[in-house]
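[1] Here you go, sequence then predicted model.
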Amino acid sequence: MRRTRRGFLGFEGSAVTEFALVAPILITMVAGIADFGMLAARTAALAGATRAGAQYARNSSTCQADIQGSACIAGIESVIQSAISSGPVLTFPSGSSPFPALCECADGTAITCSSTCGSGNVPKRMLITVTATQAFTPLVPWPGIPTSLTKSTEIRVQ
């Protein structure tokens, strides 16, 4: 019986060739799943933190007295910053009213927040919009996707 030698250490090399062809595809898929998974997780965390800031605005006596006051705005921003655990620094809208409030009567008529609703003491509703933005940088520079993304979330509470 005659024996033939089968490549390096008895292997022909087809498995190594297959691995060399499949490995880049697998690595790209794993990196893509990791990148977009981190983006989804950070977006959900940002939405939760913004929701916490909106709840603070709704329930805080400081914000009930003056929704556009500096103490209320600082409180909302502080609650949002402390509710988010990791990632780049958050940014908030700037200007005289970064978290705008819209007031309306029970029938949907828009009014200023300092006024009352007609006769009969119809209750009024205050809608507060809280917005926060955070930068996200993917692990891998993907073609067609910017190297830095901006996530923004807006919560409107009554």
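    Looks like it came in fine.
[2] and stretch 32-42, average pLDDT?
    Regarding stretch 32-42, the rounded mean pLDDT is 89.
[3] Residues in contact with it: which ones?
    Residues outside stretch 32-42 that contact it (CB atoms under 8 Å, 6 or more residues apart in numbering): 87, 134, 136, 138, 139, 140, 142, 149, 151. For every residue, glycine as well, the C-beta is placed using N, CA and C.
[4] Likewise for stretch 146-154?
    Here stretch 146-154 makes contact (CB under 8 Å, 6+ apart) with 39, 42-43, 46-47, 50, 129-138, 141.
[5] CA atoms only for it, dumped as CSV, please.
    Taking C-alpha atoms only, stretch 146-154 is exported to CSV below (Å, rounded to 0.1, in the frame of the first residue of the first chain):
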residue,chain,number,x,y,z
PRO,A,146,-20.9,59.9,9.2
THR,A,147,-18.1,59.3,11.6
SER,A,148,-20.0,61.1,14.3
LEU,A,149,-23.8,60.8,14.8
THR,A,150,-26.0,63.0,16.9
LYS,A,151,-28.8,61.4,18.9
SER,A,152,-31.7,63.6,20.0
THR,A,153,-34.8,62.8,21.9
GLU,A,154,-37.8,65.0,22.8
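[6] List the buried residues in that stretch.
    151, 153 (16 or more other CB atoms under 10 Å).
[7] going forward can the numbers begin at 20, since that is how I track them
    In the new count, where the first residue is 20, that last one comes out as stretch 165-173.
[8] chain center to that stretch: distance?
    On the basis of CA atoms, centre = their mean, to the nearest Å, stretch 165-173 sits 8 Å off its chain's mean C-alpha point.
[9] re the thing from before, and the contacts of stretch 51-61, which are buried?
    Taking 16+ other CB under 10 Å as the criterion, what is buried in the contacts of stretch 51-61 is 106, 153, 155, 157, 170.
[10] just checking, what's the longest helix in the protein?
    With DSSP state H applied, the helix covering the greatest number of residues in the chain is identified as helix 33-78.
[11] need the longest strand for this protein.
    With residue count as the measure and DSSP state E as the assignment, the chain has strand 143-155 as its longest strand.
[12] Which neighbouring elements make contact with it?
    Packing contacts for strand 143-155, counted by 3 or more CB pairs under 8 Å, 6 or more residues apart in numbering; DSSP states H and E, involve helix 33-78, helix 89-102, strand 120-124, strand 168-176.
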